[in-house]
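K.L.:
dropping a prediction and its sequence here:
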Amino acid sequence: MVARFTSLKLSLSIARVHLFSKPKQTIIAMLGVTFGIGMFIALIGLMTGLNDFTEEITMTSSPDIHIYHDITEKRVSILEAVNPQGINVVHHQKPKNETAKLRGAARMVEVLRQDARIYGVAPMITSQVFYNYGPAQLNGQIQGVEILEEDKLFDLKAKMKDGRLEDLLAFHEGIIMGSGLARKLNIKKGDRVVITTPQGFTRTLKVVGIFQIGIGAVDNVRSYANMSMVQTILQQDKSYITDINIKLKDRHTSKTVAKELQTKFVYKAEDWETANATFLTGVTIRNIITYAVSFTLLVVAGFGIYNILNMTIYNKMKDIAILKAMGFAGMDVRSIFMIQSLVIGLLGGLLGLLVGFTLSSLIAQAPFDGGDVISLDHFPVNFKLKYYITGIVFGVSTTAIAGYMPSRKAAKIDPIEILRGQ
Amino acid sequence: MNPVLHAKNITKYFYDPEKFQVLKNIELKVERGQFLSLVGKSGCGKSTLMYVLSTMDTDYEGELQIANELLTGKSQNALAKFRNRHIGFVFQFHYLLPEFTVLQNVMIPALKLGELTTAEIEHRAMEKLGLLGVAEHARKKTNKLSGGQQQRVAIARALINNPDILMGDEPTGNLDSHNSGIVFEIFRELTTVHKQTIIAVTHDEEFARRTDRVVEMSDGQIITS
Ligand SMILES: Nc1ncnc2c1ncn2[C@@H]1O[C@H](COP(=O)(O)OP(=O)(O)OP(=O)(O)O)[C@@H](O)[C@H]1O
Ligand SMILES: [Mg+2]
């Protein structure tokens, strides 16, 4: 069967002739789309790369649920307790002198470990301390942990820069120090550091390892020591536990599980999302910025295409009239111009993907100093296929919309009006 | 034998700037193979009538029948298809598409019709160009041709689908007497040899006198036919 020329094929070849007869104009329209899509790809790659990176380190450094004794929480006053029916006014209530101790922590841990939804439970003790090394004195935090439980939750092994986790088990008076803290104190593995508690008790511990999680807020202040050691420093007994960290099998259920645990144990149970609310708004804002900027660029490109098609149609008024006189239907004329805008959109978009990919690759190689806040030596950039698909779909639909109005106008041209004009 | 074109009681008004009747109860029958010229003073409504007869203008009262098909009331798409198949139109200006070659210009209406293969269409286009004596320019861009040659290419294009009627609105109006003569001879030959029906508006008395039938209009009416 010999191929017959369909109307669409004819429209296609006329569209091609139009595109090639004004190459400069075509290329400029295409570059508008290219620029829009290229920027979109580069921006979204960088933004989501940053998002994923921060999400990952926040996730690995904060537990899904954190149970602790919130001593700042509002409590029932004595007056309200004895006179529950009356109208009681208690002004400016002072926090009660309470310790941060979780009562019945051992029992709680046991119960939690039975829960099928829970992957790991790590009880621990947190306290503010001063670190002294020679003349240097720094405020920080010490966590008394069962180091292997902690590793199960936060994958500490992978975060060790020096030394091994097991050294802490072997060496009762050992301490594993955050990299930022160690740098500020100018401490190396094997050095001895003096710890001073808020109660004024001091103790000398040996640094057996250095860890780096990647967030300044942790690495610059925290050290890990053995739980019993910290209990001793704080002059507390073996039942003294201040925090329980929980990792769930499904992180997305943390909100509901936290609520349940809070009613069950009465102590504050904070979920991952609440603890990292600031970070999560950051993600949303970055996404909004990315889409807003890309959308603006594409709208500008769309206006470019709209203008160019309008101009082409204005210049080709007579051609359109004669085509219609010869028997081209409105639809045929419309497809001639729709094809042009789609070709511009598709080629410009594909080129844009290439430009975006190149830009992303360049950004990914550019050195970047995260400073004390996050440990990064270059930008994290995403190369996910779905963004490239979004980009091309986005670009082609913009050009389709921009091309539709002029094309429809061309389809509606009344040939008599044009031909009579002569 | 049925007439190839039958216009029944065609009436048309223009409303801008004020209501005015441009065509008044036009009755016209054209037999197949007839070479008809339409004459009349400037502004009497010749072009307006041609646009109605060519189906491009649908805003009229009365009925229009071509090749035994009633065209009044048909959709724009159906009329476009009909024009493509049954009517060839030549204007005072050639209206060739400047980006295409002579051959491509002639081929376009047939490609649109889609009844033949590209090779067959090209062959037929060359035939038509030969008939009009411009075959040697087939591969040139249209702006490389003289005015007379361009008009002959436009006629070849109008003939490519072997239309039932070839219509012309002052097809020689923009040509010198030499080229007008050539176009007239071609029309003459088309009607006598190929039994082509032709309706042509003209201001050229000499041209009109040599056609088979002269229809004269005045003030929107046919006065002699
Ligand atoms: N679109 C329009 N709106 C209003 N009046 C129009 C329109 N087109 C044409 N006319 C008027 O209709 C009348 C007929 O015009 P038409 O073009 O048919 O004349 P014609 O016989 O072809 O003249 P000519 O020989 O100069 O080409 C004229 O008076 C003209 O001014
Ligand atoms: Mg006229």
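P.N.:
That came in fine, so what should we check first? Ligands and ions are numbered 1, 2, ... in the order given.
K.L.:
going forward, measure contacts between C-alpha atoms and count neighbours the same way
P.N.:
OK.
K.L.:
what's the local residue count around residue B:127?
P.N.:
By other C-alpha atoms under 10 Å in any protein chain shown, 15 other residues sit near residue B:127.
K.L.:
let me fix that: residue A:193
P.N.:
21.
K.L.:
what is it paired to in the beta sheet?
P.N.:
residue A:205 (DSSP bridges).
K.L.:
and residue A:236, how many residues sit next to it?
P.N.:
13.
K.L.:
in which helix or strand would I find residue A:190?
P.N.:
Assigned by DSSP states H and E, residue A:190 falls within no helix or strand.
K.L.:
which residues touch residue B:148?
P.N.:
B:175, B:179 (C-alpha atoms under 8 Å, 6 or more residues apart in numbering or on different chains).
K.L.:
just the mean pLDDT for the helix or strand harbouring it, thanks.
P.N.:
Element membership of residue B:148 [criterion: DSSP H and E] is helix B:147-159. In this model, helix B:147-159 has an average pLDDT of 95.
K.L.:
helix or strand next in line after that helix, which one?
P.N.:
Sequence-wise, the next helix or strand downstream of helix B:147-159 (DSSP H and E) is strand B:165-169.
K.L.:
which residues are contacting stretch B:47-67?
P.N.:
Stretch B:47-67 has contacts (C-alpha under 8 Å, 6+ apart) with A:325, A:415-416, B:3-13, B:22-23, B:25, B:70-73, B:79, B:83, B:87, B:89, B:164, B:167, B:169, B:201.
K.L.:
scan chain B for its longest helix.
P.N.:
The longest helix of chain B (DSSP state H) is helix B:177-194.
K.L.:
contacting residues for the most centrally placed residue in chain B?
P.N.:
Of all residues in chain B, the one closest to the mean position by C-alpha atoms, centre = their mean is residue B:167, 1.7 Å from it. Neighbouring residues of residue B:167 by C-alpha under 8 Å, 6+ apart: B:50, B:54, B:87, B:88, B:89, B:90, B:198, B:199, B:200.
K.L.:
confirm the fourth one sits in a helix?
P.N.:
Okay, so that is residue B:88. No: the assignment for residue B:88, made by DSSP: H, G, I helix; E, B strand; the rest coil, is strand rather than a helix.
K.L.:
and it, how many neighbours?
P.N.:
A count of neighbours around residue B:88, defined by other C-alpha under 10 Å, yields 28.
K.L.:
for residue A:277, same thing?
P.N.:
Per other C-alpha under 10 Å, the neighbour tally for residue A:277 reads 10.
K.L.:
who's in contact with it?
P.N.:
For residue A:277, the contact set (C-alpha under 8 Å, 6+ apart) is empty.
K.L.:
need the per-residue pLDDT for it.
P.N.:
Among the per-residue scores, residue A:277 holds a pLDDT of 80.
K.L.:
how about residue A:235?
P.N.:
For residue A:235, pLDDT reads 89.
K.L.:
in three-state terms, label it for me.
P.N.:
Put simply, residue A:235 is coil when judged by three-state DSSP.
K.L.:
for it, phi and psi?
P.N.:
Main-chain torsions, residue A:235, degrees, to the nearest 10: phi 60, psi 50.
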